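K.L.:
sequence-free structure coming up:
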C-alpha cells in the first residue's frame with residue numbers, strides 16, 4: 001500500500017523527534033511491503049522566519065494533498081518571551097486545526113508496567129490506569145470572539161463560545177470510544193460557574209439519555225477532575241471536555257506515564273487526520289540529542305491504525321517502543337535510576353547511562369524490521 005504523509009517538524013525538538021518517527025515508518029514499510037512518501041513543510045516559528053506567517057498556504061496545500069499529517073512541535077523563546085509579538089508560532093497550530101477541520105483530539109494514557117515506578121505518584125495509584133482524553137479542539141476560549149485589549153492597554157478580554165453542534169460532534173466521538181472500551185464517559189466542565197459548561201452538560205446529558213443509554217455518564221468539575229487524575233486515575237475510562245480544560249488535563253496526565261514524552265495524540269474531524277506528541281517544542285533540549293521520541297513514534301502508530309487501517313503494523317511499532325523501555329533504552333527523562341542493558345544498547349548508551357534521541361529511534365526501527373517484538 002502506498003500512502004503520502006505530510007511531515008511538519010516545526011520548532012525546537014520537532015525536527016529530531018519526527019526524524020525518529022520517520023525511521024519507524026520506514027521500518028514498517030520495509031517489513032510489511034508498504035510505500036510511504038514524505039512531503040515536508042514548515043509550521044510555527046520556522047515558518048514565520050521563512051514565509052512571514054506560522055501556517056503558510058504552501059503548508060496547507062501539502063497537508064491537503066497528503067493522506068495524513070505527522071506534526072512535531074511548535075514554539076520558540078524569541079516569540080514566547082515577547083508579549084508584544086503580533087504573529088506567534090502557536091497561531092499556526094490553531095490555524096491548521098481550523099483549516100483541516102480537526103475538532104476532536106484523542107489522547108490515550110496507559111503507563112508501561114516497567115515504568116510505573118518512574119511516576120512521582122505511588123505505584124498503587126498508577127498501576128492499571130487506562131483512559132482516553134477526548135478534547136474539543138476548535139472552539140472555546142482559544143478561538144472565541146471578541147478578543148483583544150482596551151485602547152489604554154490596561155484591560156484584556158477573551159470570549160469562550162460553544163454551540164450545541166460543536167459539542168454534539170465531539171461528544172459522539174467520546175461515546176463511540178466508550179462503547180469500544182469500558183462504557184463510561186466522564187464529562188469535565190465548570191458548570192457551577194460557566195454558561196458554556198452548562199450548555200455542555202445539558203447537551204451531553206441529553207445525548208446519553210436519548211442516544212447512548214448503554215454508556216454510563218458522570219459529570220465532574222475540572223478542579224475535582226485534576227485532583228482525581230493524580231489521586232485516582234483508574235476512575236476514568238473516557239474523559240470528554242472542552243478545549244482549554246482538555247489542554248491542561250491531558251498534559252497533567254503525563255505524570256501518570258512518568259514522562260510527557262511518552263504520550264501520543266491524534267486529531268480527527270471533517271478533513272485530514274493529524275498525529276502529534278502532546279508535549280511542546282522543549283527548546284532547551286533542541287539539538288542536544290536528549291529529547292524523547294517515543295510519543296511521536298507512538299503518534300505514527302496511531303496514524304497507521306486509525307488513518308491507514310494497518311493494525312498489525314501499528315502493533316509492531318507499539319511493541320518495539322515497549323521493548324525499548326523494558327530494556328532501559330530510553331532518553332534521560334525516563335532513565336533516572338535505570339540501567340541500560342540488552343544487545344540493542346550501544347556502548348555510548350551504556351557509558352552515558354541513557355540513550356540519545358537518535359539511538360532510541362534506531363533501536364525501535366531495528367526492532368520493527370527484525371520482527372523482534
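P.N.:
Sure thing, it's come through. Just so we're clear, the structure is a prediction, and the values are computed from it rather than from any experiment. Numbering: from 1, shown residues only.
K.L.:
quick check: closest non-adjacent residue to residue 320.
P.N.:
Leaving aside its sequence neighbours, residue 320 sits nearest to residue 367 (CB to CB, 6 or more residues apart in numbering; 3.9 Å). For every residue, glycine as well, the C-beta is placed using N, CA and C.
K.L.:
surely that neighbour and residue 323 touch.
P.N.:
Yes. Using CB atoms under 8 Å, residue 367 is in contact with residue 323, at 5.7 Å.
K.L.:
helix, strand or coil for residue 224?
P.N.:
helix (DSSP: H, G, I helix; E, B strand; the rest coil).
K.L.:
that one: neighbouring residues, count only.
P.N.:
Residues near residue 224, counting by other CB atoms under 10 Å, number 10.
K.L.:
so where's the stretch 101-250 of the chain uncertain?
P.N.:
For the stretch 101-250 of the chain, applying pLDDT under 70 flags no range at all.
K.L.:
tell me what the helix or strand hosting residue 26 is packed against?
P.N.:
Using DSSP states H and E, residue 26 falls within helix 14-32. On a contact count with 3 or more CB pairs under 8 Å, 6 or more residues apart in numbering; DSSP states H and E, helix 14-32 meets strand 2-10, strand 35-40, strand 68-73, helix 294-302, helix 311-326, helix 357-369.
K.L.:
which element follows the second one toward the C-terminus?
P.N.:
Where DSSP H and E defines the elements, the next helix or strand beyond strand 35-40 is helix 45-51.
K.L.:
buried residues in that following helix?
P.N.:
45-48, 51 (16 or more other CB atoms under 10 Å).
K.L.:
ok, and what's touching that helix?
P.N.:
Residues from elsewhere that reach helix 45-51 (CB atoms under 8 Å, 6 or more residues apart in numbering): 9-11, 42, 53-56, 58-59, 74-76, 78-79, 87, 89, 92.
K.L.:
so which of those residues belong to helices?
P.N.:
Using DSSP state H, the subset of the contacts of helix 45-51 located in helices is 58-59, 78-79, 89, 92.
K.L.:
what subset of those residues is buried?
P.N.:
59, 79, 89, 92.
K.L.:
of those residues, which is the nearest to residue 184?
P.N.:
Nearest to residue 184 out of those is residue 92 (CB to CB; 35.7 Å).
K.L.:
state the number of residues packed around the residue nearest to the closest one when sequence neighbours are not counted.
P.N.:
The shortest distance from residue 92 to any non-neighbouring residue, by CB to CB, 6+ apart, is to residue 54 (2.8 Å). Other residues within reach of residue 54, judged by other CB under 10 Å, total 28.
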